[in-house]
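1. I'll drop the sequence and a predicted model, then ask my questions.
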Amino acid sequence: MSYRLLHTLLALSLLVAMPYAVQAARPSPKRLAKILRSAPGRPPAFAKVIDLKTSKVIFELNASKKLTPASVSKMFTTAAAALRIPMKRRLYTDVLIAGKKAKAVKELVIRGGGDMSLSHQQLRGLANKVVKSGIRRIGTLWIDSTLFDRKLPRGFNEKRTDSSYRAPVDALNVDKGTIGIAVRPAGKLGRLALVTINPPSDAIVIDNTAKTVKGKRSALVVRTKAAAKGKTTVIVRGKIGIKRRRPAAVRKRVESAALHAGHAFKEMLQGNKIRIKKVRWRAPKGGYKRFKRLARHTSPSVRELMTFCNQFSHNGYAESFFKLVGAEVKGAPGSCKKAEAAIHIAFKGSKIDWKKVRLGNGSGLYHANDVTADAVVKLLAFMHNKGPIGQAWRRTLAIGGVKGTLRRRLRASVVGAKVYGKTGTLNDVTALAGYAIGKRQKYAFALFFNGLKRPAYLYRRVHDRFLQALMSPGSIKVKAKTRKQKKAKTKTRLRKTHRAKRKAKLRKKRRPPPKSRKKRPKKVHSKAS
């Protein structure tokens, strides 16, 4: 083969390989650092990016320093749950009786299995099954929520708010540890407003001074606070207009999820004329050998519950998974302390420096948790190497431009990659961690800002720009708009303008014509002759 031919072939091969070389080019660390420094007020930034194919560090900034992770903590909780609890498993809420079915039974138990998705309609379904079985008298009703401890997760008392996102966690709960409160006007002026609780329960005390007034306008304050013996007081103040059609509705946390669920179940039975002699708030003495299952509610699979938790960042679901992992690995009752130890066991071999990680709760609420960007990336790499389990867990995360908290961010066509991630937000924290997968790249990333002094959305934009710069040499190209797409866009714009013109014409037609003033005849003054 001649030298010229060899030279030509080599040149051609370089030309063919050039696009791929461009695609494989790595982003400039200086450029990435500059983007993070552009954040308003320059708050402390923490970041790490690794290439999952080669395990090489692409970028890092303060990666080994402790930080507040917000809801990125849920990654530790749900990943440990995926490793220790089968994804196909379902959680059960059981109703059991001692002895044979009869009109009168000595003992009936409702036992919580940690199902955080149980609704009041589903709880009523269990009560209806008891009614259909023919039972009319119960000696002792046992409310068993001993799978979890009764303690509020660490850090939840940092802010004394009655918001539903700070709801308590129990093995038996209904409506995610919250109640629906509806306020309606009374039939007559001056009377107290009508307050209804859903589901009704003896664990809820109503303190209402709100009055019915004239008109449609309302000025109401509805809040909840702790009452004696784990009960919850609902306080309603202000006024509500008698002409208001829809009720004023809010959702608030209860003080004890198990107490509220147990009382709600008891009232559902009593509402169907079932007499109950005693109620006990624990597991029955002597265990469950003498009991038979009468009814069961089955939750969605662990995979489905985990997807809801990660994609919509639900604190109650995360705390339930946290204690569930603790109970699974360390035995019942599940607690925050057991859960943290169980997570350490689940990630054995991940090379995470646990001395710099503190997991006070499973949701990341407030400032009970500390992690490092390095620890989060090591978690992501560990799960990536776990085969089908890791892939199943990755699919529970929010997807950029498609699902969950990233639905309106990080579209693949804009970023140049498919982003699977977990967001995190507190008053002074914004966070994003996950996977960025292009055609030829697979990155694990963790991005955090702590000590924010301006609204969180400004810092989210910085994280989005960072990922766009990270993946800009990537393989997924932003497709230029086709002629069809351009025509469709112009058509929609024209339709909107036509609609606006039609509406303007209709408004003119509906307007009554201006009243025409009749001209008065001029008075003619006749001159005296």
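-> Alright, I've got the coordinates.

2. make it CA atoms for all contacts and neighbour counts henceforth
-> OK.

3. what residue ranges in this protein score low on pLDDT?
-> The model of the chain has pLDDT under 70 over residues 1-26, 473-489, 508-529.

4. domains in it, by residue range?
-> Following automatic domain parsing, one gets these domains for the chain: 25-86+302-471, 90-151+259-299, 174-255.

5. burial-wise, tell me which of those comes out on top.
-> domain 25-86+302-471 (a mean of 21; mean count of other Cα atoms under 10 Å).

6. how far away from the center of its chain is stretch 262-275?
-> In terms of Cα atoms, centre = their mean, to the nearest Å, the centre of stretch 262-275 is found 31 Å from the chain centre.

7. likewise for stretch 122-139?
-> Counting by Cα atoms, centre = their mean, stretch 122-139 comes out at 33 Å from the chain centroid.

8. with stretch 54-74 instead?
-> Per Cα atoms, centre = their mean, the centroid offset for stretch 54-74 relative to its chain is 22 Å.

9. mind checking the end-to-end distance for that stretch?
-> Distance across stretch 54-74, first residue to last, is 27 Å (Cα to Cα, to the nearest Å).

10. next: stretch 387-401.
-> For stretch 387-401, the end-to-end distance is 25 Å (Cα to Cα).

11. my read: Gln468 touches Lys418, true?
-> No. Counting by Cα atoms under 8 Å, Gln468 sits too far from Lys418 to count as a contact (11.1 Å).

12. returning to what we had before: nearest to Leu506, out of the domains of the chain?
-> With Cα to Cα as the criterion, Leu506 lies closest to domain 174-255 of those, at 29.6 Å.

13. ends of the closest one, how far apart?
-> This stretch, domain 174-255, spans 13 Å end to end (Cα to Cα).

14. cool, stretch 325-342 as well?
-> 7 Å.

15. mind listing residues that contact it?
-> Applying Cα atoms under 8 Å, 6 or more residues apart in numbering, the set of residues contacting stretch 325-342 from outside is 80-81, 84-85, 146-149, 151, 153-154, 322-324, 343, 359-362.

16. in helices, which of the residues you listed appear?
-> Judged by DSSP state H, the contacts of stretch 325-342 include 80-81, 84, 322-324, 343 as members of helices.

17. those: which two are farthest apart?
-> Counting by Cα to Cα, the most remote pair of those is Arg84 and Lys323, 12.4 Å apart.

18. state the distance from the closest residue in space to Ala226 that isn't next to it in sequence to Ile206.
-> In this structure, Ala226 finds its nearest non-sequential neighbour in Thr232, 4.9 Å apart by Cα to Cα, 6 or more residues apart in numbering. Distance, Thr232 to Ile206, using Cα to Cα: 9 Å.

19. again, but for Ser472
-> Using Cα to Cα, we find Ser472 at a distance of 58 Å from Ile206.

20. Phe148 now?
-> 28 Å.

21. then Arg293?
-> Taking Cα to Cα as the measure, Arg293 falls 35 Å from Ile206.

22. can you give me the helices in the chain?
-> Taking DSSP H as the criterion, the chain carries its helices at 3-23, 29-37, 73-84, 120-132, 257-270, 302-312, 315-330, 336-346, 373-384, 388-394, 412-415, 456-471, 483-510.

23. which one of those lies nearest to Leu67?
-> Proximity to Leu67 (Cα to Cα) singles out helix 373-384 among the helices of the chain, at 8.1 Å.

24. now that closest one against helix 73-84, angle please.
-> Angle of helix 373-384 versus helix 73-84, following axes from the mean of the first three to the mean of the last three Cα atoms, to 10 degrees, is 30 degrees.

25. coming back round to it: mind checking which of the domains of the chain is nearest Arg160?
-> For those, the distance to Arg160 is smallest for domain 174-255, at 9.2 Å, taking Cα to Cα.

26. was I right about Ile276 contacting Met268?
-> No. Contact between Ile276 and Met268 fails when scored by Cα under 8 Å: they sit 11.5 Å apart.

27. so Gly364 versus Val419, what's the distance?
-> To Val419, Gly364 is 22 Å away according to Cα to Cα.

28. how about Leu118?
-> According to Cα to Cα, Leu118 and Val419 sit 31 Å apart.
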